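Chemist: any chance you could fold what I've pasted below:
(one chain, ligands or ions: 1)
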Amino acid sequence: MPTRPASESVEATGLTAGQLQLPLAGVGIVAGEEPRRITLGDRIVPYLLRRGPRRTIGLSIDHRGLRVGAPRRTSLTEVESLIRRHSEWVVEKLDDWRTRRRPEPVALRDGTRIPFLGGELELHLAVGSNRAIWGLGTLTLCLKPGVAPGAILEKALRERAREHFTSRLAPLAATVGVTVPPLALSSARTRWGSCSTRSGIRLNWRLIHFPEAIIDYVVVHELAHLRHMNHSPRFWALVESVCCDYRAARVALQRLAAHIPHW
Ligand SMILES: [Zn+2]
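Modeler: Got it, this is the predicted structure:
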């Protein structure tokens, strides 16, 4: 935990009785609250800035996201540098809330549809030897009696994700100007990719639920780290040279993350 000057206060607020209920972001903004965004590492974090008669800058995070209270005369630079100093805490708490808010599990039945490469995949259940058969927009899970479909579905999606990532790596690596790195799959709920010059790149198989352009952005992002192991302006310029819509992709990625199916 970074040390803080005494004038900063940072707290995670829960839903306590009597707490002022603000409208959800996007629905309406309370007077005096200014919606803003800040980039923290790989993330664009929206927040509400509220200036008022107070003496310190305070950060709070709950199910509505990050809110910042600041004295009237505080500059935006001061506000942002405080958020940046606590970026690890901010990202961690936001992830906590996001995981708590995750959608209901999907019931895997014959005919269930799940998001897949920007469209939908219709699942069919059949009796068989625990394997999956791909069709046009369909996936048939052939299950031994009594076997739940979840594990077979995940295995099939992981295989498909690996194929898709592999097919994108070569052309995108050439555009980024790096050699094709080794690929591994990950399954963290809140991290889409990571990169190491030694072991190559890891991509989250759950990206297979997202549109191809979004997946391309994540691949390009990790490949670009092979040239710049940071999020410097040169890194983002490289990302943008390959993926000119990368800002929209980053925003979409966060929106989509809230709707990843699980079962
Ligand atoms: Zn990055």
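Chemist: what are the ranges of the helices in the chain?
Modeler: With DSSP state H as the criterion, the chain has helices at 76-85, 87-100, 150-176, 212-225, 233-242, 246-257.
Chemist: by mean pLDDT, show me the worst of those.
Modeler: Within the helices of the chain, the stretch with the lowest mean pLDDT is helix 87-100, showing a mean of 83.
Chemist: tell me the angle that helix makes with helix 76-85.
Modeler: For helix 87-100 against helix 76-85, the angle by axes from the mean of the first three to the mean of the last three C-alpha atoms, to 10 degrees is 70 degrees.
Chemist: and helix 87-100, what does it pack onto?
Modeler: strand 8-12, strand 33-40, strand 43-52, strand 57-62, strand 65-71 (3 or more C-beta pairs under 8 Å, 6 or more residues apart in numbering; DSSP states H and E). Using the backbone N, CA and C atoms, a C-beta is placed for each residue, glycine as well.
Chemist: so which of the ones you listed gets nearest Trp236?
Modeler: Judged by C-beta to C-beta, the one of the helices and strands packed on helix 87-100 that comes nearest to Trp236 is strand 33-40, at 9.1 Å.
Chemist: run through who's touching the closest one.
Modeler: 22, 25, 29, 44-51, 67, 80, 83-84, 87, 90-91, 231 (C-beta atoms under 8 Å, 6 or more residues apart in numbering).
Chemist: for that strand, buried residues please.
Modeler: Going by neighbour count (16 or more other C-beta atoms under 10 Å), the buried part of strand 33-40 is 33, 36, 38, 40.
Chemist: so how far is Arg250 from the third one?
Modeler: Read it as Ile38. Per C-beta to C-beta, to the nearest Å, Ile38 is found 13 Å from Arg250.
Chemist: shared neighbours of these two, anything?
Modeler: Common contact partners of Ile38 and Arg250 (C-beta under 8 Å, 6+ apart): Ile44.
Chemist: picking that back up, which of the contacts of strand 33-40 count as buried?
Modeler: Counted by 16+ other C-beta under 10 Å, these give 22, 45, 47-51, 67, 80, 83, 87, 90-91, 231 as buried.
Chemist: can you put these in JSON lines and add distance to Cys195?
Modeler: Output for these, formatted as JSON lines (distance: C-beta to C-beta, whole Å):
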{"residue": "Leu22", "distance to Cys195": "38"}
{"residue": "Val45", "distance to Cys195": "21"}
{"residue": "Tyr47", "distance to Cys195": "27"}
{"residue": "Leu48", "distance to Cys195": "32"}
{"residue": "Leu49", "distance to Cys195": "33"}
{"residue": "Arg50", "distance to Cys195": "37"}
{"residue": "Arg51", "distance to Cys195": "39"}
{"residue": "Arg67", "distance to Cys195": "32"}
{"residue": "Glu80", "distance to Cys195": "26"}
{"residue": "Ile83", "distance to Cys195": "25"}
{"residue": "Ser87", "distance to Cys195": "19"}
{"residue": "Val90", "distance to Cys195": "22"}
{"residue": "Val91", "distance to Cys195": "18"}
{"residue": "His231", "distance to Cys195": "12"}
